[in-house]
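J.: sharing a sequence plus its predicted fold:
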Amino acid sequence: MRKSNRLRRTVTAVALMAVLAVAALAFAACGDDDTSSDSAVPGSGTSDTIVGAGASFPYPLYSKWGSEYNNLNGVKLNYQSIGSGGGISAITAKTVDFGASDAPLESADLQAAGLVQWPQCVGGVVMVVNLDGVESNQLKLTGELVAKIYNGDIKDWGDPAIAAVNQGLRIPAGKINVVHRSDSSGTTWIYTSYLTAAAGDVWTLGADKEIAWPTGVGGKGNEGVAASVQQLKGAIGYVEYAYAKETGLVSTQLQNADGQWVKPSLESFGEAAAQADWANAEDFYMVLVDQPGPKTWPITGASFIMVQKDQADAERAKTMLKFFDWAFTDGGASAESLDYVPIPADVYQLVESEWETITAAGSPVWPQ
Amino acid sequence: MSTLELDVRGEAGPPRGAARAAPRGYRHFADPAFRVITLVCGLTVAIAMFTLAGVLVLNSWTAIKELGLSFLTTVAWSPSSGSYGALAALAGTVMTTMVAMVIALPLALVIALLLTELVPPRVARVLGTAVEMLAAIPSIIFGMWGLFVLVPFMQERVAPWVTGSWLGELPLLRPGPTFQGGGFSILTAGLVLAVMILPFITAFSRDVLLMVPRVTKEAGYGMGSTTWEVLRKISLRYALSGIVGATFIGLGRALGETMAVAYLVGGDFLTVPRSLLDPGTTVASLIALQFNEATTKLDISALIYMGLILFAITMVFQVLAQIWLRRARRTTGGRA
Amino acid sequence: MAEARAAHHGGTGMSASSPASPPSGRPGPPLAPSDLAALRPRSHARRKTVDALIKVSAWVAASFGIAVMLLIVFEVVRRGIGAIDWAFFTELPPVVGEEGGGLGNAILGTLVITFVAALIALPVGFLGGVWLAEFGRNGRIATGVRMVANVNMGIPSIVVGVFVFAALVKPLQHYSGMAGSIALAFIMLPVMARTTEDILNLVPNELRESGLAMGVPRWRVTLGVVIRAARSGLITGAVLATVRVAGETAPLLLTALSSPYWLNGLFGPEGFFGGPTANLTKTVYDFSGMPYSRMQELAWGGALLIIVAVLGLNVLMRLIFQRGKEW
């Protein structure tokens, strides 16, 4: 009796595991049910999958572009966010086709790693606050004020310096709860670049991905900062624009380099990208903060793509560049729908001429 | 005559008479084959780990050359200027782990006691599964739950209460210079860590306690001992090394936990926390928070170097525990 | 005998009036000082109070643990249950900003990756633990293996990921699900080995002796008798080892990476050995950091699925491998 019981259970267990294994393999072998099984790229084999990794900032955009491009012609794009540093490490180790980073590499580092870089999209960083009675884009702040707040020099919302630029707005007094990032991040780098550019005499801690913050709490990721700002009365923090917009955080106006008060919007980010002097930026090394222009948003940043200068596979390289070409020319609407700013067409011309330096086995892969 | 004296370790072959009745053929190599196979597996465990350690050392070599041993005593972290120091992270790791172990270990033991002695088996099964479900929760969920629920709770209720009462005068609870309200702090991270390691220690301790021979426990009860006395004097002694093993699993989890701690500890990598209510960082969470953005070779290497130090500290701690265990060991019937 | 009965009924615990002599009347072994100290009279009330306190604290502790678990699980259910439907299991993730879609590819990927990792780590870890408990014991090799295994249980999981990246991904120049499985197996291996050893060490020698005395070969004694006695604990070990890696993101970050597409074959660019493989934890991690509500909902749904799946695994393994009565 016991033996048959045990036998029965062993058989059940084995059967269960076998079923699981078979199911998994069946899924794996039969593949998927989307349209990509018929690739439109002739003689495709392995050249119809592009793998990229890097910054989390452009992740939603590249994912969306990837889906759209896949629907167009079956080429699959797999972009994963593992951080800018991870992206640079990956492309240097050649484990991906392209890397993405929020901070561009300097020319020396770029050459040492044998890479080519270009800006692919632009986004903005906004200040968000949690103050009773203050609605979005009502509060005005200057670079100097923000720097002093994050320095710990200004500790209270009732400070006359804040009231001076906010005539007519009732700001509840109270301690300013500063929120910054606890993780190393490109957003911090852009933000502190702004502080250094706009208020360099006040902000002396430099521009970096992580900072020796003199005060405030650290939240992990945009979501950590957003949650902290929402929980703490009188809090101030900095997040990516998409984050502020989608989660309904209260953003502020800022004073730009021209002295004008600007609200964060795609237009104001676009102004920064348009005003910047790309032609004279070696290897497109450009920090878009504090750019000139009446309507320019002062905390803007570009996100960069990096590829190997010397490609191993010409077909793969061409497929990849064709994707980016499509993104530059046709991807603008999708970018804007997700609150990113596409790179202006004249800048794309410069990028395209840079592509001509990419070779595979000695011969250039672009133009086709 | 104690059965302990019988050596069953050697090649215990069958008594002569039985050999005739036993099947031939495979018998000759079955036992040696079994020994070899299991030995190979045991060695695989070791070799895999040594390889891991080796690669760790290799990857941290740049940092070791550049930063040397002063890395252990420096407080700094600035990739752009190339200065790194592990002291803040090491201190934070020790503090969060201590908080977690101090809370989780006694809790786990009494819960295991509950499951084995105080409730009927059916209830024990349900309760045990409920506690084990804590282990099922991914660490990122602990982090996010902590962020939304525990952090405000600590900030608005617990920290003010502690600082306002006599507890706030105790050395480790008095807010230090970097106090930021107590929401993101060593204590918050330690609490969540305790909850995360609780199911591991509990489940394993429960199974270990279940293996204490019933006869021994009944002898204790028969003499009039209370449940607690049976646990303390009989079960725990028998199961001691198993419980120490369970503690190590919990300790390992606490030391290596990245995501949940990263969300909750505050990420202050520039101070050695003076108080449990101050923010800080741990080795694992510092690696997690910085690794994605680390670009320079020295930066990555310094992070791995920290991992290596953690490795070394665990090794030292482990050796100490083995020595203690050997001295405190008292076995009855088992081979612990 | 009489003394023992008297002690029980009198309720004064061990009386110091006479040293404990075995009921049969023969003189017992000499008493150590610690034994004599233990024979001091202790108040019955005090013992009872301590016992009651411990019992109360046991209930409080269990309630605390379960309360926290319920709090968290409730929160996850609340946020994630809306995402669970048939499409959740069968569809690819939606385009960012749009509705619909599911985590089908991630679920399948995690199933396969974890299954392969368990296939590698559980048997090897188990047999290694058997060696440690039965053959190696206190020898030098065994002590070394044990120490190394203990230390490795504490390594931050991201470091394991870095290791496998350097050892496997970089040389082959592509990510793969297999690399992810190997990274997970690394984490599971020492846990399985040590729990196996600790549990087997608790099996009384008598069982082994009786088996060997009957002429059963060593391997059969170990596998048939000792393992069966330790079954519950071994299952716990296997479950603990698997659960340890079920919610891990960091080791997969640099090995399996992830993918928005289905697992497709074995060696192609989307195959298990050939390219990045979608997995649930990385997807949950990504989506939870995005400000779009549909992605957040999917992330919580994924978390809920992980919790339910681990619970299911726990129950399933106990059902299959355990005798009905014993818990």
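T.: All right, it came through fine.
J.: what's the host helix or strand of B:E132 packed up against?
T.: Following DSSP states H and E, the helix or strand that holds B:E132 is helix B:121-136. Judged by 3 or more C-beta pairs under 8 Å, 6 or more residues apart in numbering or on different chains; DSSP states H and E, the packing partners of helix B:121-136 are helix B:186-210, helix C:44-80, helix C:231-246, helix C:293-321. No exception for glycine: its C-beta is placed from N, CA and C like everyone else's.
J.: can I get those in a markdown table including mean neighbour count?
T.: Formatted as a markdown table, the helices and strands packed on helix B:121-136 follow (neighbours: other C-beta atoms under 10 Å in any protein chain shown):
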| stretch | mean neighbour count |
| --- | --- |
| helix B:186-210 | 27 |
| helix C:44-80 | 17 |
| helix C:231-246 | 23 |
| helix C:293-321 | 20 |
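J.: low-confidence ranges in chain B?
T.: B:1-27, B:328-336 (pLDDT under 70).
J.: which bits of it sit near chain A?
T.: Neighbours of chain A within chain B, by C-beta under 8 Å from any C-beta of the partner chain: B:77-80, B:143-144, B:147-148, B:151-152, B:155, B:180-181, B:183-184, B:262-263, B:265-270, B:279, B:288-295, B:299-300.
J.: taking those residues one by one, which sit in strands?
T.: For the residues of chain B next to chain A, membership in strands holds for B:77-78, with DSSP state E as the criterion.
J.: near chain C, which of the residues of chain B next to chain A show up?
T.: B:144, B:148, B:288, B:291.
J.: where do the helices of the stretch 151-300 of chain B begin and end?
T.: Applying DSSP state H, counting those that start in this stretch to the stretch 151-300 of chain B gives helices spanning B:151-153, B:159-164, B:186-210, B:214-222, B:227-229, B:236-256, B:259-264, B:283-291, B:297-328.
J.: count the neighbours of the closest residue to A:C121 other than its chain neighbours for me.
T.: Nearest residue to A:C121, sequence neighbours excluded (C-beta to C-beta, 6 or more residues apart in numbering or on different chains): A:Y340, at 4.7 Å. Counted with other C-beta atoms under 10 Å in any protein chain shown, residues neighbouring A:Y340 total 28.
J.: now do the one 5 residues further on
T.: Residue crowding around A:A345 was assessed by other C-beta under 10 Å; the count is 10.
J.: contact partners for it?
T.: By C-beta atoms under 8 Å, 6 or more residues apart in numbering or on different chains, A:A345 lies in contact with A:F328.
J.: can you check the one 10 residues further on too?
T.: A:W355 is in contact with A:116, A:118, A:321, A:365-367, counting by C-beta under 8 Å, 6+ apart.
J.: next one: A:F328
T.: By C-beta under 8 Å, 6+ apart, the residues touching A:F328 are A:342-343, A:345, A:348, A:351.
J.: report the buried members of those.
T.: Buried members of the contacts of A:F328, counted by 16 or more other C-beta atoms under 10 Å in any protein chain shown: A:342-343, A:348, A:351.
J.: including pLDDT, secondary structure and distance to chain B, could those go into TSV?
T.: Compiled in TSV, those are given as follows (pLDDT from 0 to 100; DSSP: H, G, I helix; E, B strand; the rest coil; distance: C-beta to the nearest C-beta, whole Å):
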residue	pLDDT	secondary structure	distance to chain B
A:P342	93	strand	25
A:I343	92	coil	23
A:Y348	92	helix	26
A:V351	92	helix	22
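J.: will you turn the residues you listed into JSON lines that also has distance to C:L189?
T.: Listed next are the buried ones among the contacts of A:F328 as JSON lines, based on distance: C-beta to C-beta, whole Å:
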{"residue": "A:P342", "distance to C:L189": "49"}
{"residue": "A:I343", "distance to C:L189": "48"}
{"residue": "A:Y348", "distance to C:L189": "51"}
{"residue": "A:V351", "distance to C:L189": "48"}
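J.: can you pull out the helices in the stretch 1-150 of chain A?
T.: Per DSSP H, counting those that start in this stretch, the stretch 1-150 of chain A carries helices over the ranges A:2-30, A:59-73, A:84-93, A:107-113, A:143-151.
J.: to A:V217, which of those helices lies closest?
T.: For the helices of the stretch 1-150 of chain A, the distance to A:V217 is smallest for helix A:143-151, at 12.2 Å, taking C-beta to C-beta.
J.: nearest to A:P294, out of the helices and strands packed on helix B:121-136?
T.: With respect to A:P294, and counting by C-beta to C-beta, the nearest of the helices and strands packed on helix B:121-136 is helix C:293-321 at 35.2 Å.
J.: next one: that closest one to chain centre, how far?
T.: 16 Å (C-alpha atoms, centre = their mean, to the nearest Å).
J.: go on, stretch C:112-132?
T.: That offset, for stretch C:112-132, works out to 12 Å (C-alpha atoms, centre = their mean).
J.: also stretch B:201-211?
T.: Put simply, stretch B:201-211 sits 15 Å off its chain's centre (C-alpha atoms, centre = their mean).
J.: check stretch A:318-332 too.
T.: Offset of stretch A:318-332 from its chain centre (C-alpha atoms, centre = their mean): 18 Å.
J.: check stretch B:61-70 too.
T.: Centroid separation for stretch B:61-70 versus its chain: 28 Å, with C-alpha atoms, centre = their mean.
J.: run a quick neighbour tally on C:L184.
T.: Here the number of neighbours of C:L184 (other C-beta under 10 Å) works out to 32.
J.: returning to that earlier point: could you tell me the angle between the helix holding B:E132 and helix C:293-321?
T.: Calculated by axes from the mean of the first three to the mean of the last three C-alpha atoms, to 10 degrees, helix B:121-136 forms an angle of 140 degrees with helix C:293-321.
J.: which parts of helix B:121-136 are buried?
T.: B:124, B:127-128, B:130-136.
J.: what is the nearest of the residues you listed to chain A?
T.: Of all these, chain A sits closest to B:A136, with 19.0 Å by C-beta to the nearest C-beta.
J.: ok, the closest one touching C:I306?
T.: Yes: assessed by C-beta atoms under 8 Å, B:A136 is found in contact with C:I306 at 7.0 Å.
J.: any residues in contact with both of those two?
T.: In contact with both B:A136 and C:I306: C:246-247, using C-beta under 8 Å, 6+ apart.
J.: where does pLDDT dip in the stretch 151-300 of chain C?
T.: In the stretch 151-300 of chain C (pLDDT under 70), no residue qualifies.
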